[in-house]
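Colleague: okay, predicted coordinates and the sequence, questions at the end:
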Amino acid sequence: MRHPTTALRRTILLIALAITTTLAGGTLALPAHADTGRRLTPTDSPCPSDLAGYNTLSIADRDRCARAVLTRDLTGQKQNLIDASTDGINSVNGPCPAPNEGLWHEGDKDTARILCNGLQVVNDRLDKQPRAYLLGIDGRTQRLGRAIVAIGNPETAKNIVVSVPGMTARLGAGFKTDIAHADMFAAASAATGNDTASIIWLGHDAPQDPWYDSDGRDAKAAAGPLADFLTGLQKIRRQPAHLTLIAHSYGTAIAGDALTTDALLTRPSSPVDDVIFLGSEGTGTATTAESLHINNKAWACTGGLDRLAGSRLVGPFPDADRFHATQLDCGQDEHTGYWADDDPNKALNDHGTKNMLAIINGTYNTTAEPPDTISGPINPWG
């Protein structure tokens, strides 16, 4: 009898290991592929157990892994609610059930239903066009949830915009609005002839109470994960993208802290070209635009009717003269009004959105219509 070759023996062993892992309910595993980035191979197939591990994967592998996690978490949350529900829903293919009031502690009940709704929002968007990529998700082990959704492929797009939401952001029904903002930027950029991948990054716990985090501890905790995510986006590409970071409200503290982490400051160049601070409540440890060490400019935008910006709850106000950010004209927006209508055609007629698009598209140095700026700092407090 002829003995099997070394290659054949290795193949048989790998198949046996895969079957054993599957039968034992092991970690999620995926086949290899030919994209750039760190490839998953038959000997390196388990998906990362946390979001930090996704940063070295190609976009295709992040999407495959995250979709598997989404299915697991959404099914698990629905089943938990079904087990304690009295509203007649008995299928995980339906909407998130209402939990039985008498079988849950109030906080646990609210968390389970909110997370289930947030996971459902993400799942619904992935079924639609244009193509969305799920770059990370956690609706089981994190109380407020985690989700990173890209509209367009950030591995191949010429431009990338990463949006960091502010106070009260979480993985719940309201996350649909955050995804809609990402959709709007991608569609409006495409309408101007540009190729932009638009990402909503919810990789952190945002304060749910405006006065809860006056020392910025949640922003500091989010800084490292955001910095690693931004670096990973550029590392997996053959050529760097023009990358714009847009942060709103409390998110400006996260952005400021992330851009001043040692991990970014010690790199030869920043992964970020431009940053836009919208309705800032403070920039964390970033004291001036120069301290950010980004490749192009720091921009600050405060709407004329925004009465929440400028509180300096979590660091300096970027619209102040001493911060040295370029003041972007965004009209008379209120604190939650910096995004135009989600219809990209209407968005293109919005003054502030057009200014942000010129930055996102990287055309403000060459376009005949550069962003409109203003000559002095805004005082949102009257």
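Modeller: Received the coordinates, thanks. These numbers were taken from a predicted model, which means no experiment stands behind them.
Colleague: please, where are all the helices along this protein?
Modeller: 6-23, 59-83, 106-126, 175-191, 217-235, 251-259, 262-265, 344-347, 351-360 (DSSP state H).
Colleague: next, count neighbours for His351.
Modeller: 13 (other CB atoms under 10 Å). All C-beta spots, glycine's among them, are computed from the backbone N, C-alpha and C.
Colleague: same check on the one 3 residues further on?
Modeller: If you count neighbours by other CB under 10 Å, Lys354 ends up with 17.
Colleague: that one and Ala186, how far apart?
Modeller: Using CB to CB, to the nearest Å, Lys354 is found at 15 Å from Ala186.
Colleague: grab the nearest non-local neighbour of Ile151.
Modeller: Spatially, and ignoring its direct neighbours in sequence, Ile151 is nearest to Ala186 (4.1 Å; CB to CB, 6 or more residues apart in numbering).
Colleague: pLDDT score for the one you found?
Modeller: You'll see Ala186 listed with a pLDDT of 95.
Colleague: who are the neighbours in contact with it?
Modeller: By CB atoms under 8 Å, 6 or more residues apart in numbering, the residues touching Ala186 are Pro130, Ile151, Gly152, Thr196, Ala197, Ser198.
Colleague: now Gly136
Modeller: So Gly136 contacts Leu51, Tyr54, Arg62, Ala66, Arg146, Ala147, Ile148, Gly203 (CB under 8 Å, 6+ apart).
Colleague: please name the bridge partners of it.
Modeller: Assessed by DSSP bridges, Gly136 has beta-bridge partners Ile148.
Colleague: count of neighbours near Pro154?
Modeller: Pro154 has 26 nearby residues by other CB under 10 Å.
Colleague: please apply the same query to Gly53.
Modeller: For Gly53, using other CB under 10 Å, the count is 15.
Colleague: from Ala66, how far off is the nearest residue to it once chain neighbours are set aside?
Modeller: Closest residue to Gly53 apart from its sequence neighbours, by CB to CB, 6+ apart: Cys47 at 7.9 Å. Cys47 sits 8 Å away from Ala66 when distances are taken as CB to CB.
Colleague: who has more neighbours, the two?
Modeller: Neighbours were counted for Cys47 and for Ala66 using other CB under 10 Å; Ala66 has more, 27 against 19.
Colleague: where's the more buried one relative to Ala132, distance?
Modeller: Distance from Ala66 to Ala132, by CB to CB: 11 Å.
Colleague: residues contacting the residue lying closest to His204 once chain neighbours are set aside?
Modeller: Nearest residue to His204, sequence neighbours excluded (CB to CB, 6+ apart): Ala222, at 3.3 Å. Ala222 sits next to Gly203, His204, Asp205, Ile254, Asp257, Ala258 when contact means CB under 8 Å, 6+ apart.
Colleague: number of nearby residues for Gly94?
Modeller: The number of residues packed near Gly94 is 12, by other CB under 10 Å.
Colleague: contacts only, for the closest residue to it other than its chain neighbours.
Modeller: Computed as CB to CB, 6+ apart, the closest residue to Gly94 that is not its neighbour in sequence is Lys78, at 7.8 Å. By CB under 8 Å, 6+ apart, the residues touching Lys78 are Val92, Gly94, Cys96, Pro97, Cys116.
Colleague: pretty sure the third one contacts Asn117?
Modeller: Yes: when contacts are counted by CB atoms under 8 Å, Cys96 is listed as touching Asn117 (5.4 Å).
Colleague: who's more crowded, the two?
Modeller: Cys96 (23 against 19).
Colleague: against Glu290, how distant is that one?
Modeller: The gap separating Cys96 from Glu290 is 47 Å, by CB to CB.
Colleague: likewise Pro240?
Modeller: 22 Å.
Colleague: tell me which of the two has more neighbours.
Modeller: Pro240 (14 against 11).
Colleague: just give me the neighbour total for Asp333.
Modeller: Neighbours around Asp333, by other CB under 10 Å: 22.
Colleague: I figured it was touching Gly352, is that so?
Modeller: Yes: taking contacts as CB under 8 Å, Asp333 lies within contact range of Gly352: 6.1 Å.
Colleague: give me the common contacts of those two.
Modeller: By CB under 8 Å, 6+ apart, the residues touching both Asp333 and Gly352 are Gly303.
Colleague: that older thread, the residue nearest to Gly53 contacts Arg72, doesn't it?
Modeller: No: Cys47 lies out of contact with Arg72 (CB under 8 Å); the separation is 10.6 Å.
Colleague: okay, the residue minimising distance to the centre of the chain: pLDDT?
Modeller: The geometric centre of the chain, computed from its C-alpha atoms, lies nearest to Trp201 (CA atoms, centre = their mean), at 1.0 Å. If you check Trp201, the pLDDT there is 98.
Colleague: one more: Gly282?
Modeller: pLDDT, Gly282: 89.
Colleague: what of the one 3 residues further on?
Modeller: According to the prediction, Thr285 has pLDDT 92.
Colleague: now swap in Leu305 and tell me
Modeller: 79.
Colleague: ok, now which ones touch it?
Modeller: Counting by CB under 8 Å, 6+ apart, Leu305 makes contact with Gln332, Asp333, Glu334, Gly337.
Colleague: export those to JSON lines and tack on pLDDT and distance to Ala173?
Modeller: Shown next, in JSON lines, are the contacts of Leu305 (pLDDT from 0 to 100; distance: CB to CB, whole Å):
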{"residue": "Gln332", "pLDDT": "70", "distance to Ala173": "29"}
{"residue": "Asp333", "pLDDT": "74", "distance to Ala173": "24"}
{"residue": "Glu334", "pLDDT": "81", "distance to Ala173": "22"}
{"residue": "Gly337", "pLDDT": "80", "distance to Ala173": "20"}
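Colleague: dump those into CSV; add distance to Ala190 as well.
Modeller: Below are the contacts of Leu305 laid out as CSV (distance: CB to CB, whole Å):
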residue, distance to Ala190
Gln332, 28
Asp333, 24
Glu334, 27
Gly337, 23
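Colleague: top of those by neighbour count?
Modeller: Asp333 (22 neighbours).
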